[in-house]
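A.B. asks: have a look at this prediction, sequence included:
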Amino acid sequence: TVTERGPGGVARTLKVVGTEGTKTFSGQNRIRSILGNARLELTRKDGSTTSGLRDLPSGFIYIENEGTDENNVTSFTIYGGRYGHGVGMSQNGAQGMAQAGKSCMEILRFFYNGCEILDIGDVSEEMK
């Protein structure tokens, strides 16, 4: 169970309950490492698959309990985001926006909402 999320929705704390007790893991990279396994097959949004990744590609995850079978083994499906750290500009998102005809300034304003974009020549020495 994801028990805490960061500001962008990334998993920050994960609680795992099993036959040997309860463990809590903190930090996006640690969670991605704990849940990852090179033998797992990951299905991408376009339906293609990949394997061989040691860590989950993203900390933007949702975990669905699929139930327990007759051997008392519980299965889970992990739905996740894309590659990356989840901070700043998404290269895939920016590329999609550009392909849809958005300008550089529109893309920058979308990802850095509330920031002022200036020409470096307009920036005072105090700000440099």
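C.D. replies: Here it is on my side, so go on.
A.B. asks: when you work out contacts or count neighbours from here on, use the C-alpha atoms and nothing else.
C.D. replies: OK.
A.B. asks: tell me where this protein has helices.
C.D. replies: Listed from the start of the chain, the chain has helices (DSSP state H) covering 28-35, 91-99, 104-111.
A.B. asks: out of the ones you listed, flag the one nearest Ser124.
C.D. replies: helix 104-111 (21.3 Å; Cα to Cα).
A.B. asks: residues contacting the nearest residue to Gly52 once chain neighbours are set aside?
C.D. replies: What sits nearest to Gly52 in space, not counting adjacent residues and going by Cα to Cα, 6 or more residues apart in numbering, is Ala38, at 4.0 Å. Residues near Ala38 by Cα atoms under 8 Å, 6 or more residues apart in numbering: Ser51, Gly52, Leu53, Arg54, Asp55.
A.B. asks: so where is the protein shaky, pLDDT-wise?
C.D. replies: Within the chain, the stretches with pLDDT under 70 are 82-87, 125-128.
A.B. asks: thinking again about what came up before, most packed of the helices of the chain?
C.D. replies: Relative to the other members of the helices of the chain, helix 28-35 carries the highest mean neighbour count by mean count of other Cα atoms under 10 Å, namely a mean of 17.
A.B. asks: other SSEs contacting it?
C.D. replies: strand 11-18 (3 or more Cα pairs under 8 Å, 6 or more residues apart in numbering; DSSP states H and E).
A.B. asks: what's around Asp119, how many residues?
C.D. replies: Using other Cα atoms under 10 Å, the number of residues around Asp119 comes to 6.
A.B. asks: to clarify, my last question referred to Leu118.
C.D. replies: Other residues within reach of Leu118 by the criterion other Cα under 10 Å amount to 8.
A.B. asks: I'd like the distance between it and Glu106.
C.D. replies: Spatial separation of Leu118 from Glu106 under the definition Cα to Cα, to the nearest Å is 14 Å.
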